[in-house]
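Colleague: Provided below for reference: sequence and predicted model.
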Amino acid sequence: MKLSSQVLEGLACYYEKSEAGQTGLGKLDVQPELALLLEQAGCSEGDARELAVRELQEAADIGLITLEPAHSRDRTSIYKVRLSPANEDAFYAYLGRPSPTTVRKRWSNLFLEACAWSVPSEFAEAWVQFCTSRAAGALQWKKMSEFKRSELSRGHEVLRCVTELLRWREREHFIRAVSCRICGDSKRLDKLRGTLEKLLVDASGGRVRTFADLGILDTPRHVLVAGPLRLRFTDHTIDLRRLRDGASLAESDIERSEIECDAVRCITIENKTSFHQRTLQHPQD
């Protein structure tokens, strides 16, 4: 195993963007020009270049890569560096990290493992179909747009969240409360929402498409209202002149009220934190 080097890691990046690196189906060598490879790897000049060329030569000497000369009569002037898909496993072992094929297999194994995870009986068949389909797709990285290959641990977390959501049975709960229960973090579900809702469609056989289908509601937005205002509702009135610090009201309540105001001008502040910071920094303003 070799310690990581800039130029070899740069060659690995080229490989991972190729058809062979992406899907395992490519048969052609990855063959960047030496000058471009060195530039992209940040070692195109001075001692860094000399070290990079030496490391490439060492890898070529043991058969991991091929150095293509600029001219058959001048074998010392390298034009291209070639990495064959046939050498993928050996090359990545030399770098000391998993090959793209190994990474895809780990993803496939994750989905096969997830087949046995507990979900309600009504979703059991769809869940197994979902997992087996994704396990097959992961080997060539097809139907995997919700995931990043380098984030296997996040993939595990996301799949666990999908099963927890399929098991969710408590209706009319706000998303932050549900997120605390499922993730231990009040904001995590909202951050993963786009990914989770896409996966829920497949994992439930189309029966769950949104969090709302599970009775998980968006947390209502609140607005701090202050000043000489009166908010009239059908059955009561809130007179904010009597409240020195104003009142925090749900945005939906503001929208369904009639607002009365005797002031000539009103100020709307979208981000009160920024407003306070500016006030503290420039009190003369």
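Modeller: Everything's here; your move. Everything numeric here is computed off the predicted structure, so don't read it as measured data. Numbering: from 1, shown residues only.
Colleague: what sits closest to residue 160 if chain neighbours are left out?
Modeller: Excluding the flanking residues, the one nearest residue 160 by CB to CB, 6 or more residues apart in numbering is residue 117, at 7.7 Å. Where C-beta positions appear, they are placed from N, C-alpha and C, glycine not excepted.
Colleague: what about the helices in this protein?
Modeller: 6-16, 19-23, 34-41, 46-61, 88-95, 100-114, 121-138, 152-166, 175-183, 188-203, 251-255, 272-281 (DSSP state H).
Colleague: where does the prediction get shaky in this structure?
Modeller: Residues of the chain that meet the criterion pLDDT under 70 lie in 1-4, 73-75, 270-285.
Colleague: check contacts around residue 172.
Modeller: 215, 217 (CB atoms under 8 Å, 6 or more residues apart in numbering).
Colleague: at 6 Å instead, please
Modeller: By CB atoms under 6 Å, 6 or more residues apart in numbering, the contact set of residue 172 is residue 215.
Colleague: out of the helices of the chain, which one sits most buried?
Modeller: Among the helices of the chain, ranked by average contacts under mean count of other CB atoms under 10 Å, first place goes to helix 6-16 (a mean of 20).
Colleague: ok now it, how far from the chain's centre?
Modeller: 23 Å (CA atoms, centre = their mean, to the nearest Å).
Colleague: who are the packing partners of that helix?
Modeller: helix 34-41 (3 or more CB pairs under 6 Å, 6 or more residues apart in numbering; DSSP states H and E).
Colleague: so how far is the helix it packs on off the chain centroid?
Modeller: 29 Å.
Colleague: one more: stretch 163-176?
Modeller: That offset, for stretch 163-176, works out to 22 Å (CA atoms, centre = their mean).
Colleague: related to what we said a few turns ago, for residue 226, which of the helices of the chain is the nearest?
Modeller: Closest approach to residue 226 among these (CB to CB): helix 272-281, 10.8 Å.
Colleague: grab the longest strand from the protein for me.
Modeller: Across the chain, the longest stretch assigned as strand under DSSP state E is strand 74-82.
Colleague: just the CA atoms of that strand, as PDB, please.
Modeller: What follows is strand 74-82, C-alpha atoms only, in PDB (Å, rounded to 0.1, in the frame of the first residue of the first chain):
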ATOM      1  CA  ASP A  74      12.000   9.600 -27.400                       C
ATOM      2  CA  ARG A  75      10.800   7.300 -24.600                       C
ATOM      3  CA  THR A  76      11.700   9.800 -21.900                       C
ATOM      4  CA  SER A  77       9.200  12.500 -22.900                       C
ATOM      5  CA  ILE A  78       5.800  11.400 -21.500                       C
ATOM      6  CA  TYR A  79       2.700  12.600 -23.400                       C
ATOM      7  CA  LYS A  80      -0.100  10.500 -21.800                       C
ATOM      8  CA  VAL A  81      -0.800   8.500 -18.700                       C
ATOM      9  CA  ARG A  82      -3.000   5.400 -19.200                       C
END
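Colleague: ok so, going back, quick one, phi/psi of the residue nearest to residue 160?
Modeller: phi -70, psi 150 (degrees, to the nearest 10).
Colleague: oh, and call the first residue 54 from now on, that's how I've got it
Modeller: Right, with 54 as the first residue, what we last looked at is residue 170.
Colleague: what's the burial count for it?
Modeller: Neighbour count of residue 170, defined by other CB atoms under 10 Å: 14.
Colleague: these two touch, right, it and residue 216?
Modeller: Yes. The pair residue 170 and residue 216 passes the contact test of CB atoms under 6 Å, sitting 5.2 Å apart.
Colleague: circling back to that earlier point, helices and strands around the longest strand of the chain, which ones?
Modeller: Counting contacts by 3+ CB pairs under 6 Å, 6+ apart, strand 127-135 packs against helix 87-94, strand 119-124.
Colleague: now for the ones you listed, which one comes closest to residue 226?
Modeller: Ranking the helices and strands packed on strand 127-135 by proximity to residue 226 (CB to CB) places helix 87-94 first, at 49.4 Å.
Colleague: what lies in contact with the closest one?
Modeller: 59-60, 63, 97, 105, 131, 134.
Colleague: and the angle for the longest strand of the chain with strand 119-124?
Modeller: Computed by axes from the mean of the first three to the mean of the last three CA atoms, to 10 degrees, the angle separating strand 127-135 from strand 119-124 equals 130 degrees.
Colleague: what comes up buried for strand 127-135?
Modeller: 131, 133-135 (16 or more other CB atoms under 10 Å).
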